[in-house]
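Chemist: next comes the sequence, and after it the predicted model I'd like to discuss.
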Amino acid sequence: MALARKLRTVDFFSLSWGTMIGAGWLVLMDDWLARGGAAGAILGFALCGVALLPIAWVYGQLVAAMPAAGAELAYAEAVMPPRASFFAGWLMIPAYLVVCPWEAVAVGKILARLFPALATLTLYRVAGTPVHLPQLAIGFALIAAIACLNYRGIAVTARFQNWASFIVLAFGLVFVLLAAVRGSPRNLQPLFQGSPWISVLLVLQIAPYFLTGFEAVGKCSEEARADFDSRRFFLPIVLALTVGVAFYVAMIAAASYVYPWRTIPSGTLLTAVAFERAFGAPWLANAILAAALISLVKIFNGNFVAATRLLFALGRGGYVPRALGRLNPRHQTPVAAIVALAIVTGLAVLAGESSLVPITEIGSAAGAAGWLFACVSHLLLGRQNKARRNAAIALAGAAVAAALLAIKLLPMVPGHFTRTEYALCVAWILVGAGLYRPRAAQGIAS
């Protein structure tokens, strides 16, 4: 039995762009501006987007040649030993999986802004941050809803993703136009929080996490319609990256231009507060919260799709227990992977709001690791097939991915991993090593 083949070009764009854009432009805007200032945050995201273009090109080539749900797993499997291939897929899962509890927690935080009663009934604290029963219940309900949506089939999932993506794009355009009308260049100060290069670097370290998603096309590529031309995979990949960078840059500019952002206390939903104060209109802040909620559910859905396809591919290839590669016979969806990752997401949500920033850091490194595997696989495939004409682009992509990984892992770089983040990364690698089944692995790319 195979995955259902239902997706079109617009579906691939919505799934990849929707996997990239969530509620970070609302929930973490204060962190972005605190890291870099207005100009530092804008430059950090813009430079990251430009740097990722070679990687997007590599994915366009690889997905066209090998449309497989395992993506990085399949690409590595063509040129690397089984253990390396396994970790190419395993290390990429957190790039998507960590977004799921992030959004399940964020939904409670956003709704608590609309309904303060949700920030009551404290169950416990994690790192000094309270975990409230109503917000926890909302997070669990969202996980269940996304799991059910994914169980129903990729066509239903894509239809939801299309509507949500274009609604959020429309909201974003309205917010930018409003900021242009009411804002002032004076509000952008300070342009940088410290020295310009440190400000940009601190944003550049976390930007890959928020731009991860353009490569999600590969995870859904097996589900393309039978008449879909594989050469068209590149278009939604590069379009998702370009529109994603433009969206983040525009929202950072709008939030910092419409009102003096430095006067807004940290820990608040800065984007909503800035517009509310600039226009004296609580309804406008509520509209921003509504857009963020739609975007939040959309990104949760997109990342859940990508993560479940990777886990499904690992199970189908025998790298992990084969039960994880089982499909539902009616809907042709990876039901075991859906259930497994829904449970993992639920457990992670128990950490509450304190998990948001560490999750961001780990997601950045995981995405960079997956991109590095993809670029190296492309280089090795070119050497294997004596087709080295475009090796320079793949080499540039590998260099970018390695650099993004290094700035998180190397202790001498400002903003590197904390001990907690190092420990979580090591724990994920150890879990993978424990699950890996070398004798069972039979390959998924063929």
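Modeler: All right, it came through fine.
Chemist: now do the lengthiest helix in the chain, average pLDDT.
Modeler: When the chain is parsed with DSSP state H, its longest helix is helix 282-316. Helix 282-316 shows a mean pLDDT of 92.
Chemist: could you point out which element follows whatever helix or strand Ile362 lives in?
Modeler: Taking DSSP states H and E as the criterion, the element that holds Ile362 is helix 356-384. Beyond helix 356-384 on the C-terminal side, the first helix or strand identified by DSSP H and E is helix 391-409.
Chemist: what is that next one packed up against?
Modeler: Other helices and strands packing on helix 391-409, by 3 or more Cβ pairs under 8 Å, 6 or more residues apart in numbering; DSSP states H and E, are helix 53-65, helix 196-211, helix 356-384. For the C-beta atoms, the positions are set from N, CA and C on the backbone; glycine is no exception.
Chemist: that helix vs helix 356-384, what angle?
Modeler: Between helix 391-409 and helix 356-384, the angle comes out at 150 degrees (axes from the mean of the first three to the mean of the last three Cα atoms, to 10 degrees).
Chemist: what does helix 391-409 contact?
Modeler: 51-52, 54-55, 57-58, 201, 204-205, 208, 361, 364-365, 368-369, 371-372, 374-376, 378-379, 382-383, 413, 415-417 (Cβ atoms under 8 Å, 6 or more residues apart in numbering).
Chemist: that one - what's its average pLDDT?
Modeler: 88.
Chemist: so what's the gap between the helix or strand that that helix is followed by and the chain middle?
Modeler: Scanning forward in sequence from helix 391-409 by DSSP H and E, the next helix or strand is helix 419-435. Relative to its chain's centre, helix 419-435 lies at 19 Å (Cα atoms, centre = their mean, to the nearest Å).
Chemist: may I have helix 419-435 as CSV, with CA atoms only?
Modeler: The C-alpha coordinates for helix 419-435 follow below in CSV (Å, rounded to 0.1, in the frame of the first residue of the first chain):
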residue,chain,number,x,y,z
ARG,A,419,23.8,23.0,28.8
THR,A,420,20.2,22.1,28.6
GLU,A,421,20.2,22.4,24.9
TYR,A,422,23.3,20.3,24.5
ALA,A,423,21.8,17.7,26.8
LEU,A,424,18.6,17.5,24.8
CYS,A,425,20.5,17.1,21.5
VAL,A,426,22.6,14.3,23.0
ALA,A,427,19.5,12.7,24.3
TRP,A,428,17.8,12.7,20.9
ILE,A,429,20.9,11.1,19.3
LEU,A,430,21.0,8.4,22.0
VAL,A,431,17.3,7.6,21.5
GLY,A,432,18.0,7.3,17.8
ALA,A,433,21.0,5.0,18.4
GLY,A,434,18.8,2.9,20.7
LEU,A,435,16.0,2.5,18.1
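Chemist: which helices and strands sit right next to that helix?
Modeler: helix 82-90, helix 356-384.
Chemist: want to throw the helices and strands packed on helix 391-409 into a markdown table with mean neighbour count and mean pLDDT?
Modeler: Putting those into a markdown table (neighbours: other Cβ atoms under 10 Å; pLDDT from 0 to 100) gives the following:
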| stretch | mean neighbour count | mean pLDDT |
| --- | --- | --- |
| helix 53-65 | 23 | 93 |
| helix 196-211 | 23 | 86 |
| helix 356-384 | 23 | 82 |
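Chemist: among the helices and strands packed on helix 419-435, which comes closest to Ala423?
Modeler: helix 356-384 (10.0 Å; Cβ to Cβ).
Chemist: now do that closest one against helix 419-435, angle only.
Modeler: On the basis of the same axes, to 10 degrees, helix 356-384 is oriented at 50 degrees to helix 419-435.
Chemist: for stretch 398-405, which positions count as buried?
Modeler: Of the residues in stretch 398-405, Ala398, Val400, Ala401, Ala402, Leu404, Leu405 count as buried by neighbour count, 16 or more other Cβ atoms under 10 Å.
Chemist: number of nearby residues for Gly128?
Modeler: 6 (other Cβ atoms under 10 Å).
Chemist: hmm, I typed the wrong one, I wanted Ala323.
Modeler: Neighbour number of Ala323 under other Cβ under 10 Å is 10.
Chemist: one more: Ala68?
Modeler: Count around Ala68 with other Cβ under 10 Å applied: 25.
Chemist: ditto for Ala281
Modeler: By the criterion of other Cβ under 10 Å, Ala281 has 13 neighbours.
Chemist: check contacts around the residue lying closest to it once chain neighbours are set aside.
Modeler: Nearest residue to Ala281 in three dimensions, chain neighbours excluded: Phe275, at 7.7 Å (Cβ to Cβ, 6 or more residues apart in numbering). Listed by Cβ under 8 Å, 6+ apart, the contact set of Phe275 reads Phe175, Leu178, Ala179, Ala255, Val258, Tyr259, Ala281, Leu284, Ala285, Ile288.
Chemist: how near is the fifth one to Ala180?
Modeler: Per Cβ to Cβ, to the nearest Å, Val258 is found 9 Å from Ala180.
Chemist: looking at those two, which one has more neighbours?
Modeler: Val258 (25 against 12).
Chemist: is that one in contact with Val273, as I believe?
Modeler: No. The pair Val258 / Val273 is not scored as a contact, 10.4 Å apart, by Cβ atoms under 8 Å.
Chemist: overlap of the contact sets of those two?
Modeler: With Cβ under 8 Å, 6+ apart, Val258 and Val273 have no common neighbours.
Chemist: many thanks, have a good one.
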